[in-house]
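S.K.: Generate a structure from the sequence data that follows.
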Amino acid sequence: MPCLTGSARPRASVMRAARESYRPVVSSPHVKSAAVAAALSALDEGRTPDRSVYRGAVRALLTALAERAPGRSVEVRVPPYGAVQCVPGPRHTRGTPPNVVETDPETWLRIATGRLDWGEAVTEGRVRVSGIRADLSAYLPL
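M.R.: Here you go, the predicted model:
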């Protein structure tokens, strides 16, 4: 039987959404920079950072790259934590993009913060690149 107009109560989530944002507080720049610092500190000590710290640091630096090089012609992947599209130029719409940069989280943190040179990382095979626009040396370190 259909509900009569005005007799349905609003859902709690709708009421909550009117009062506060659904986004967690961890999106502030301070928390992001703290995650990067904590992850680098752990790596310097020879430890693997906690998964949540690693994720926050990788995503913060990927976001910074996307802001520094806005566009959609290159996809930068740091599995399993994130990927962004950046660099001005023609964008791809379906399938595997023609310009891809992929690396592991530790290498990404070191490259993005200037602790490892882009060219050195590519030469050593720590970063896999494909496509003519996949050179990020003009945008790194962040």
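S.K.: Assign the residue nearest in space to the middle of the chain to helix, strand or coil.
M.R.: For the chain, the residue nearest the mean C-alpha position is residue 59 (2.9 Å; C-alpha atoms, centre = their mean). The three-state label given to residue 59 by DSSP: H, G, I helix; E, B strand; the rest coil is helix.
S.K.: In space, what's closest to it - neighbours in sequence excluded?
M.R.: In space, residue 59 comes closest to residue 82 once its chain neighbours are excluded; the distance is 4.8 Å by C-beta to C-beta, 6 or more residues apart in numbering. In short, each C-beta sits where N, CA and C put it, glycine included.
S.K.: and that neighbour, how many residues sit next to it?
M.R.: Using other C-beta atoms under 10 Å, residue 82 has 17 other residues around it.
S.K.: how much space is there between it and residue 36?
M.R.: According to C-beta to C-beta, to the nearest Å, residue 82 stands 13 Å off from residue 36.
S.K.: Over to residue 67?
M.R.: 15 Å.
S.K.: So those two - more neighbours on which side?
M.R.: residue 36 (21 against 11).
S.K.: packing partners for whichever strand or helix holds that one?
M.R.: According to DSSP states H and E, residue 36 maps onto helix 29-44. On a contact count with 3 or more C-beta pairs under 8 Å, 6 or more residues apart in numbering; DSSP states H and E, helix 29-44 meets helix 51-68, helix 105-112.
S.K.: could you list every residue that touches the closest residue in space to residue 90 that isn't next to it in sequence?
M.R.: Closest residue to residue 90 apart from its sequence neighbours, by C-beta to C-beta, 6+ apart: residue 73 at 5.7 Å. Residue 73 sits next to 85, 86, 87, 88, 89, 90, 91, 92, 97, 99, 133 when contact means C-beta atoms under 8 Å, 6 or more residues apart in numbering.
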